[in-house]
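1. below are the sequence and a predicted model; questions follow.
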Amino acid sequence: MSGVHSRQRDPHPVSIDERARDNIQFIRETMERAGSFTAVPGWGGIAMGITAVGAAVIASRQASSLMSLLTWVCEAAVAIAIAVWTTYTKAREAGTALLSAPGRRFVYSFAPPLLVGLLLTFLLLRIGSFDAVPGVWLLLYGTAVVAGGAFSIRVVPLMGLCCPASWGNFLLGVGFGGLHLIFGAVIARKYGG
(Lines give C-alpha, C1' and ligand atoms only; values in the text may rest on other atoms or scores of the structure.)
Protein backbone atom coordinates (compact mmCIF):
# COMPACT_ATOMS: atom_id res chain seq x y z
CA MET A 1 0.00 0.00 0.00
CA SER A 2 2.55 2.49 -0.98
CA GLY A 3 1.35 6.09 -1.16
CA VAL A 4 -2.13 5.23 0.12
CA HIS A 5 -3.03 5.99 3.70
CA SER A 6 -4.91 3.23 5.32
CA ARG A 7 -7.54 4.34 7.82
CA GLN A 8 -8.11 2.42 10.96
CA ARG A 9 -11.77 1.58 11.39
CA ASP A 10 -13.20 1.88 14.86
CA PRO A 11 -14.42 -1.55 15.86
CA HIS A 12 -17.38 0.15 17.67
CA PRO A 13 -18.72 2.97 15.49
CA VAL A 14 -20.74 5.72 17.19
CA SER A 15 -24.33 5.96 16.01
CA ILE A 16 -25.67 9.22 14.65
CA ASP A 17 -28.25 9.35 17.46
CA GLU A 18 -25.57 9.02 20.11
CA ARG A 19 -23.46 11.70 18.46
CA ALA A 20 -26.51 14.01 18.23
CA ARG A 21 -27.30 13.47 21.95
CA ASP A 22 -23.71 14.31 22.84
CA ASN A 23 -23.87 17.47 20.72
CA ILE A 24 -27.17 18.55 22.26
CA GLN A 25 -25.81 17.94 25.76
CA PHE A 26 -22.72 20.01 24.92
CA ILE A 27 -24.91 22.84 23.59
CA ARG A 28 -27.14 22.75 26.70
CA GLU A 29 -24.16 22.86 29.05
CA THR A 30 -22.59 25.71 27.09
CA MET A 31 -25.83 27.71 27.14
CA GLU A 32 -26.29 26.98 30.84
CA ARG A 33 -22.85 28.34 31.65
CA ALA A 34 -23.56 31.48 29.64
CA GLY A 35 -27.20 31.82 30.70
CA SER A 36 -28.91 33.62 33.51
CA PHE A 37 -30.62 32.30 36.62
CA THR A 38 -34.32 32.36 35.77
CA ALA A 39 -35.79 30.53 38.76
CA VAL A 40 -36.37 33.80 40.64
CA PRO A 41 -39.92 33.29 41.97
CA GLY A 42 -42.35 36.10 41.26
CA TRP A 43 -45.13 34.59 43.36
CA GLY A 44 -42.60 33.91 46.10
CA GLY A 45 -41.62 37.58 45.98
CA ILE A 46 -45.26 38.55 46.41
CA ALA A 47 -45.61 36.17 49.37
CA MET A 48 -42.45 37.62 50.94
CA GLY A 49 -43.82 41.11 50.38
CA ILE A 50 -47.07 40.26 52.13
CA THR A 51 -45.31 38.74 55.14
CA ALA A 52 -42.93 41.74 55.30
CA VAL A 53 -45.83 44.22 55.33
CA GLY A 54 -47.38 42.14 58.13
CA ALA A 55 -44.07 42.17 60.01
CA ALA A 56 -43.86 45.96 59.65
CA VAL A 57 -47.29 46.32 61.26
CA ILE A 58 -46.44 43.90 64.08
CA ALA A 59 -42.97 45.39 64.68
CA SER A 60 -44.34 48.95 64.83
CA ARG A 61 -46.57 47.89 67.75
CA GLN A 62 -43.77 46.41 69.84
CA ALA A 63 -42.84 48.10 73.11
CA SER A 64 -39.07 48.00 72.55
CA SER A 65 -36.54 48.17 69.75
CA LEU A 66 -35.34 44.70 70.68
CA MET A 67 -38.83 43.19 70.29
CA SER A 68 -39.27 45.02 67.00
CA LEU A 69 -35.95 43.62 65.81
CA LEU A 70 -36.95 40.10 66.89
CA THR A 71 -40.12 40.47 64.83
CA TRP A 72 -37.96 41.22 61.78
CA VAL A 73 -35.64 38.31 62.54
CA CYS A 74 -38.69 35.99 62.53
CA GLU A 75 -39.80 37.60 59.26
CA ALA A 76 -36.35 36.97 57.76
CA ALA A 77 -36.66 33.26 58.62
CA VAL A 78 -40.13 33.11 57.05
CA ALA A 79 -38.92 34.98 53.94
CA ILE A 80 -35.93 32.66 53.53
CA ALA A 81 -38.21 29.62 53.76
CA ILE A 82 -40.57 31.12 51.17
CA ALA A 83 -37.69 32.02 48.86
CA VAL A 84 -36.07 28.58 49.05
CA TRP A 85 -39.33 26.69 48.52
CA THR A 86 -40.66 28.84 45.67
CA THR A 87 -37.28 28.96 43.91
CA TYR A 88 -36.97 25.19 44.16
CA THR A 89 -40.54 24.74 42.90
CA LYS A 90 -40.07 27.11 39.95
CA ALA A 91 -36.78 25.47 38.94
CA ARG A 92 -38.33 21.98 39.18
CA GLU A 93 -41.36 23.01 37.09
CA ALA A 94 -39.07 24.54 34.45
CA GLY A 95 -36.95 21.39 34.39
CA THR A 96 -33.77 23.25 35.31
CA ALA A 97 -31.20 22.38 37.92
CA LEU A 98 -31.41 24.72 40.89
CA LEU A 99 -27.65 24.76 41.29
CA SER A 100 -26.80 25.10 37.61
CA ALA A 101 -23.85 27.33 36.74
CA PRO A 102 -26.02 30.51 36.66
CA GLY A 103 -27.74 29.41 39.89
CA ARG A 104 -24.41 28.95 41.65
CA ARG A 105 -23.18 32.34 40.42
CA PHE A 106 -26.41 33.90 41.70
CA VAL A 107 -25.97 32.31 45.15
CA TYR A 108 -22.23 33.11 45.32
CA SER A 109 -23.01 36.77 44.60
CA PHE A 110 -26.17 37.02 46.71
CA ALA A 111 -24.98 35.30 49.89
CA PRO A 112 -21.89 37.35 50.95
CA PRO A 113 -23.75 40.64 51.59
CA LEU A 114 -26.33 38.71 53.62
CA LEU A 115 -23.61 37.09 55.72
CA VAL A 116 -22.03 40.50 56.28
CA GLY A 117 -25.46 41.76 57.37
CA LEU A 118 -25.72 38.92 59.88
CA LEU A 119 -22.27 39.69 61.31
CA LEU A 120 -22.95 43.43 61.47
CA THR A 121 -26.28 42.75 63.20
CA PHE A 122 -24.48 40.90 66.00
CA LEU A 123 -21.97 43.74 66.28
CA LEU A 124 -24.65 46.45 66.34
CA LEU A 125 -26.66 44.54 68.95
CA ARG A 126 -23.57 44.10 71.07
CA ILE A 127 -22.91 47.85 71.13
CA GLY A 128 -26.61 48.66 71.59
CA SER A 129 -27.22 50.34 68.20
CA PHE A 130 -30.64 48.84 67.52
CA ASP A 131 -31.70 51.78 65.37
CA ALA A 132 -28.84 51.22 62.89
CA VAL A 133 -29.86 47.63 62.10
CA PRO A 134 -32.73 48.34 59.65
CA GLY A 135 -30.56 50.62 57.50
CA VAL A 136 -27.74 48.08 57.45
CA TRP A 137 -30.19 45.33 56.48
CA LEU A 138 -31.71 47.35 53.64
CA LEU A 139 -28.33 48.44 52.29
CA LEU A 140 -26.88 44.94 52.34
CA TYR A 141 -30.03 43.28 51.03
CA GLY A 142 -30.07 45.77 48.17
CA THR A 143 -26.41 44.99 47.53
CA ALA A 144 -27.15 41.24 47.57
CA VAL A 145 -30.01 41.62 45.11
CA VAL A 146 -27.95 43.79 42.73
CA ALA A 147 -24.95 41.43 42.91
CA GLY A 148 -26.99 38.25 42.52
CA GLY A 149 -29.21 39.90 39.96
CA ALA A 150 -26.23 40.36 37.67
CA PHE A 151 -26.68 36.65 36.94
CA SER A 152 -30.45 36.73 36.76
CA ILE A 153 -33.26 38.34 34.81
CA ARG A 154 -32.90 42.10 34.25
CA VAL A 155 -35.59 43.23 36.67
CA VAL A 156 -33.84 41.72 39.74
CA PRO A 157 -30.92 44.18 40.03
CA LEU A 158 -33.36 47.07 39.57
CA MET A 159 -35.18 45.91 42.69
CA GLY A 160 -31.91 45.94 44.62
CA LEU A 161 -31.24 49.53 43.61
CA CYS A 162 -34.64 50.56 44.97
CA CYS A 163 -34.05 49.41 48.57
CA PRO A 164 -34.26 52.54 50.72
CA ALA A 165 -31.21 53.04 52.91
CA SER A 166 -32.83 54.30 56.09
CA TRP A 167 -34.21 52.96 59.34
CA GLY A 168 -37.57 52.25 60.85
CA ASN A 169 -40.35 49.73 60.53
CA PHE A 170 -42.10 51.77 57.84
CA LEU A 171 -39.08 51.75 55.56
CA LEU A 172 -38.38 48.07 56.28
CA GLY A 173 -41.99 47.42 55.28
CA VAL A 174 -41.55 49.45 52.10
CA GLY A 175 -38.11 48.01 51.34
CA PHE A 176 -38.84 44.37 52.07
CA GLY A 177 -42.62 44.36 51.64
CA GLY A 178 -43.52 46.86 48.95
CA LEU A 179 -40.60 46.12 46.66
CA HIS A 180 -41.18 42.35 46.86
CA LEU A 181 -44.86 42.90 46.03
CA ILE A 182 -44.10 45.12 43.03
CA PHE A 183 -41.16 43.19 41.59
CA GLY A 184 -42.69 39.82 42.46
CA ALA A 185 -45.75 40.77 40.38
CA VAL A 186 -43.52 41.89 37.48
CA ILE A 187 -41.50 38.66 37.61
CA ALA A 188 -44.64 36.50 37.91
CA ARG A 189 -46.25 38.22 34.93
CA LYS A 190 -43.25 38.53 32.62
CA TYR A 191 -41.08 35.58 33.59
CA GLY A 192 -43.57 32.91 34.55
CA GLY A 193 -44.28 32.43 38.22
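-> Done, it's in. Residues are numbered from 1 along each chain as shown.
2. how about low-confidence regions in this structure?
-> 1-14, 19-20, 23-40, 98, 149-169 (pLDDT under 70).
3. quick one: the helices in it?
-> Using DSSP state H, the helices assigned to the chain run over residues 16-34, 42-60, 65-94, 101-126, 133-149, 155-161, 169-172, 179-191.
4. can I get those helices in a markdown table with mean neighbour count?
-> Yep, even glycine has a C-beta here, placed from its N, CA and C like the rest. As requested, the helices of the chain are arranged in a markdown table below (neighbours: other CB atoms under 10 Å):
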| stretch | mean neighbour count |
| --- | --- |
| helix 16-34 | 10 |
| helix 42-60 | 21 |
| helix 65-94 | 16 |
| helix 101-126 | 16 |
| helix 133-149 | 21 |
| helix 155-161 | 18 |
| helix 169-172 | 20 |
| helix 179-191 | 19 |
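5. got a list of what T71 touches?
-> 55, 58-59, 62 (CB atoms under 8 Å, 6 or more residues apart in numbering).
6. tell me how far it lies from R61.
-> Distance of T71 to R61, given as CB to CB, to the nearest Å: 9 Å.
7. also W43?
-> Per CB to CB, W43 is found 28 Å from R61.
8. try A132
-> Plainly put, A132 is 21 Å away from R61 if you go by CB to CB.
9. who has more neighbours, these two?
-> Neighbour count, other CB atoms under 10 Å: between A132 and R61, A132 has more, with 16 against 11.
10. now that one, nearest residue through space, not along the chain?
-> Take A132 and drop its neighbours on the chain: the residue closest to it by CB to CB, 6 or more residues apart in numbering is L124, 5.2 Å away.
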